[in-house]
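Colleague: Build me a model:
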Amino acid sequence: MDFRLSNEQEAIQTAAREFAKGEFDKEIALEHERAHTFPLEIWKKACELGFMGIHFPEKYGGQDYGILENALVVEEFCRQDSGIGIALSLADFSSELILRFGRDEQKEKYLIPITKGKAISSGGFTEPDHGSDITLMNTTAIKEGDEYIINGVKTFITNGTIGDFVIVLCQTDQQAKPTYRGQSVIIVEKGVPGYTTADIGEKMGIRMTSTAELSFNNVRVPVSNLVGQENRGFYHVLEFFDESRIEIAAQALGIAQGAFDRGLAYCKERTQFNKKLAEFQITQHKLADMAAKIETARLIVYKSAWNFDQGNIDPKLTSIAKMYAGQVAVEVADEAIQLLGGYGYMLDYEVERFYRDARITEIYEGTREIQKNTIARAILGRL
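Modeller: Residues are numbered from 1 along each chain as shown. Alright, predicted model coming up:
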């Protein structure tokens, strides 16, 4: 068992770190944070350098790497700046559904623009009445000739107002029992008549990322926009979640490390009672606890990514990674604020923003309670 990254993986990690340090300017980040805007120019530069869609095959504009390499990039981006890091890492959100289940024509049409910085993707799963429960969809897609007619509402949708297309989970078989056996995933492009988006309003964190409500009013799309098999959408989405949980866990890991970095630097510089904060044993114990949590989270995040790259689908492992890394991100960011005291509460000192952004990693892509349900089912089996 070798816990070391390969030379190539270390090079990717270093390149992502150097890019983030060079491009994620603090003042630019604060401008986007205050204005609630997507860091478009930084995203385009990241695309030019091959960071976006690094886990896509080369023929679709990617670098032919795996989920672990993508996690390394996400970690480094979020370590440098939680807001920019999350916004960039989610710019290709849900496109993996096309990558894993789409036809070659769909991959060429939708994946290449993502890696080239010409398109942003979105995924429409959550509904107002169901939240984390995707076993029943009020959003319907009725087949009429060579088209689907889509009606319904989705909410809390990442990239909803800025996405060039959205992959929507719909109920295509109204008679299916259980209902999730009659769901399909369908691509809807921006600008189609009847498809509208609206920002949901002020959020606690991830303010550079668009979060929206989507409405579908007799939206007509060709049957060729079906991704994967009809009435197998629920299972396609579950497999996608197994992959996307790793990315969210990597976000949380990067946020935790970034908050720790800032707390550590402050403790080495700040003097109280004629001593550096770092000289007090209580401070040293706090830093030790934070470091231990981060290292433990890193092990499980990397293991879950490596396991997925081996072709193994293990919802228990990825749920543990997301649940634990999210918990660590919140705890470490909270402790970093405590170390900085009053300064930690101020926007300019970043750790309060890291804390606000950390909190979402315990909510989206399945709350921590949903992760515990998944873990428990795997442990208990059928009772």
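Colleague: From here on, just use CA atoms for contacts and neighbour counts.
Modeller: Noted.
Colleague: Please name every helix or strand in contact with the host helix or strand of residue 249.
Modeller: Remark: residue 249 resides in helix 233-269, with elements defined by DSSP states H and E. Judged by 3 or more Cα pairs under 8 Å, 6 or more residues apart in numbering; DSSP states H and E, the packing partners of helix 233-269 are helix 67-80, helix 82-89, helix 95-101, strand 183-189, strand 275-276, helix 281-309, helix 315-340, helix 351-359.
Colleague: pLDDT on the fourth one, on average?
Modeller: Mean pLDDT, computed over strand 183-189, is 98.
Colleague: What of the fifth one?
Modeller: Taken as a whole, strand 275-276 has an average pLDDT of 94.
Colleague: Can you list the strands that it pairs with?
Modeller: strand 271-272 (antiparallel) (DSSP bridges).
Colleague: Contacts for the strand it pairs with next, please.
Modeller: Surrounding strand 271-272, the residues in contact under the criterion Cα atoms under 8 Å, 6 or more residues apart in numbering are residue 277.
Colleague: what distance separates it from the centre of its chain?
Modeller: 39 Å (Cα atoms, centre = their mean, to the nearest Å).
Colleague: before we move on, what about stretch 373-383?
Modeller: Per Cα atoms, centre = their mean, the displacement of stretch 373-383 from the mean C-alpha position of its chain is 25 Å.
Colleague: Show me which positions of that stretch end up buried.
Modeller: Under the neighbour-count criterion of 16 or more other Cα atoms under 10 Å, stretch 373-383 has 374, 375 buried.
Colleague: Please name whichever of the helices and strands packed on helix 233-269 is nearest to residue 365.
Modeller: For the helices and strands packed on helix 233-269, the distance to residue 365 is smallest for helix 315-340, at 9.0 Å, taking Cα to Cα.
Colleague: Report the angle between that closest one and helix 281-309.
Modeller: Relative orientation of helix 315-340 with respect to helix 281-309: 150 degrees, computed using axes from the mean of the first three to the mean of the last three Cα atoms, to 10 degrees.
Colleague: which strands and helices sit next to helix 315-340?
Modeller: Under the contact criterion of 3+ Cα pairs under 8 Å, 6+ apart, helix 315-340 touches helix 233-269, helix 281-309, helix 351-359, helix 368-380.
Colleague: if you compare these, which one is most tucked away?
Modeller: helix 351-359 (a mean of 27; mean count of other Cα atoms under 10 Å).
Colleague: which other helices and strands contact it?
Modeller: Using 3+ Cα pairs under 8 Å, 6+ apart, helix 351-359 sits against helix 82-89, helix 233-269, helix 315-340.
Colleague: How far does it sit from its chain's centre?
Modeller: On Cα atoms, centre = their mean, the centre of helix 351-359 falls 15 Å from the chain's centre.
Colleague: on that earlier part again, can I get the helices and strands packed on helix 351-359 in JSON lines with mean pLDDT?
Modeller: Listed next are those as JSON lines, based on pLDDT from 0 to 100:
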{"stretch": "helix 82-89", "mean pLDDT": "98"}
{"stretch": "helix 233-269", "mean pLDDT": "97"}
{"stretch": "helix 315-340", "mean pLDDT": "98"}
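Colleague: circling back: for residue 376, find the nearest of the helices and strands packed on helix 233-269.
Modeller: Residue 376 sits nearest to helix 315-340 of all the helices and strands packed on helix 233-269, at 8.1 Å, using Cα to Cα.
Colleague: That closest one versus helix 368-380: what angle between them?
Modeller: Using the same axes, to 10 degrees: helix 315-340 against helix 368-380 is 140 degrees.
Colleague: Off-centre distance for helix 315-340?
Modeller: Here the centre of helix 315-340 is set off from its chain's centre by 15 Å, with Cα atoms, centre = their mean.
Colleague: Okay, angle between it and helix 233-269 too, please.
Modeller: Going by the same axes, to 10 degrees, helix 315-340 makes 30 degrees with helix 233-269.
Colleague: which phi and psi does residue 121 have?
Modeller: phi -110, psi 160 (degrees, to the nearest 10).
Colleague: isn't residue 53 right next to residue 114, touching?
Modeller: Yes - when contacts are counted by Cα atoms under 8 Å, residue 53 is listed as touching residue 114 (7.3 Å).
Colleague: that older thread, rebuild the helices and strands packed on helix 315-340 as TSV, extending it with distance to residue 159.
Modeller: Compiled in TSV, the helices and strands packed on helix 315-340 are given as follows (distance: least, Cα to Cα, whole Å):
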stretch	distance to residue 159
helix 233-269	15
helix 281-309	24
helix 351-359	16
helix 368-380	22
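Colleague: Can you say which of these is nearest to residue 143?
Modeller: Distances from residue 143 to each of the helices and strands packed on helix 315-340 were compared using Cα to Cα; the minimum, 15.3 Å, belongs to helix 233-269.
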